[in-house]
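[1] here are the coordinates; sequence isn't available:
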Ligand SMILES: c1cc(-c2cnc[nH]2)ccn1
């Protein structure tokens, strides 16, 4: 899986790529991220990337030329790619969309704006606009990293042998169950006995029930298309809660 990021802050992206799952995936060669500094695609000696808005108003707008020059340079290899603009106006990103991007197997070219945004004419060169949530960030870089991280985790081998993307809670459509590790007791709070029992079947059932409990509490909208087994557990849970 290949990613390309267009940004005026390449260090923000490069720093994240040195660590963790994404860092290891890049070192293994199962993913590749190329970061382009938009200022390298300017033509003036001040390497200017923004200008005052037509129509007046506060703030600055990013100029179209550096993006256009960068995209023209990148696209000259003729490889199929999906050009994504990160913005609050975009389609809301989710695990489902991460899987969609992964399965398409196209290079993802991620355009990161700053300031008040990018000249609207950028839309002529964009395939899709994606938002990671209903809030305004200082730029698209964090959103680009969210997409890179969530898609890289889906690549076989990215998570190492002991883990798999299938185990990730959102892959199963629920929130996660609680996790514990040593010590067994901390500040009077004990690890649930079931997790010390060694009974893997009961532990799996407990984890499913706690995942459903968390989902019922914080994201009831995810409780749809449940299997008969999950529905049975949920009913038990509801009767416990309503006692
Ligand atoms: C994606 C991008 C953004 C954003 C880009 N520039 C300012 N905010 C916000 C949410 N999701």
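    Alright, I've got the coordinates. No experiment lies behind these values; they were computed from the predicted model shown.
[2] please count neighbours and contacts with C-alpha atoms only from this point.
    Fine.
[3] show me the helices in this protein, by range?
    In the chain, the helices defined using DSSP state H lie at 10-16, 20-28, 64-75, 95-104, 141-152, 169-172, 200-218, 228-241.
[4] output the lowest mean pLDDT helix or strand found in this structure.
    helix 169-172 (a mean of 67; mean pLDDT, DSSP states H and E).
[5] what does this structure put close to the ligand?
    Counting by C-alpha under 6 Å from any ligand atom, the residues of the chain close to the ligand are 86-88, 113-114, 131-133, 135-140, 143.
[6] so of the residues you listed, which ones are in strands?
    Among the residues of the chain next to the ligand, the members found in strands (DSSP state E) are 86-88, 131.
[7] in the residues of the chain next to the ligand, find the pair that's most separated.
    Maximum pairwise distance among the residues of the chain next to the ligand (C-alpha to C-alpha): 16.5 Å, between 114 and 133.
[8] of the two, which one has the most company?
    residue 114 (20 against 16; other C-alpha atoms under 10 Å).
[9] do you know how far that one is from residue 61?
    Residue 114 is 8 Å from residue 61, where distance means C-alpha to C-alpha, to the nearest Å.
[10] tell me the centre residue of this structure?
    Nearest to the centroid of the C-alpha atoms of the chain, with distances taken as C-alpha atoms, centre = their mean, sits residue 146, at 2.9 Å.
[11] find the nearest non-adjacent residue to that one, please.
    residue 132 (7.8 Å; C-alpha to C-alpha, 6 or more residues apart in numbering).
[12] could you count how many residues lie near that neighbour?
    Residue 132 is flanked by 22 other residues according to other C-alpha under 10 Å.
[13] pretty sure it sits against residue 89.
    No: applying C-alpha atoms under 8 Å as the test, residue 132 and residue 89 come out as separate, 9.8 Å apart.
[14] if we can go back for a sec, let me know which of the helices of the chain is tucked in deepest.
    Comparing the helices of the chain by mean neighbour count (mean count of other C-alpha atoms under 10 Å), helix 141-152 ranks first with a mean of 21.
[15] tell me which other helices or strands it touches.
    Applying 3 or more C-alpha pairs under 8 Å, 6 or more residues apart in numbering; DSSP states H and E, one finds that helix 141-152 contacts strand 2-7, helix 10-16, helix 20-28, helix 95-104.
[16] so what touches that helix?
    Contact partners of helix 141-152, identified using C-alpha atoms under 8 Å, 6 or more residues apart in numbering, comprise 1, 3, 5, 7, 12-13, 16, 21-22, 25, 31, 86, 95, 98-99, 101-102, 110-113, 131-132, 158.
[17] what about residue 36, neighbour count?
    19.
[18] so what's it up against?
    Counted by C-alpha under 8 Å, 6+ apart, residue 36 has contacts 4-7, 10, 70.
[19] need the max-distance pair from the residues you listed.
    10 and 70 (13.8 Å).
[20] before we move on, back to that, and the residues of the chain next to the ligand, which of them are buried?
    The neighbour count (16 or more other C-alpha atoms under 10 Å) marks 86-88, 113-114, 131-133, 137, 139-140, 143 as buried among the residues of the chain next to the ligand.
[21] among those, show me the least confident.
    Among these, residue 114 carries the lowest pLDDT, at 92.
[22] so what's it closest to, chain neighbours aside?
    residue 139 (4.4 Å).
[23] wait, that neighbour touches residue 111, no?
    No: taking contacts as C-alpha under 8 Å, residue 139 lies outside contact range of residue 111: 10.0 Å.
[24] pLDDT averaged over stretch 190-207 - what is it?
    97.
[25] now tell me what touches it from outside.
    Stretch 190-207 has contacts (C-alpha under 8 Å, 6+ apart) with 177-178, 180, 184-185.
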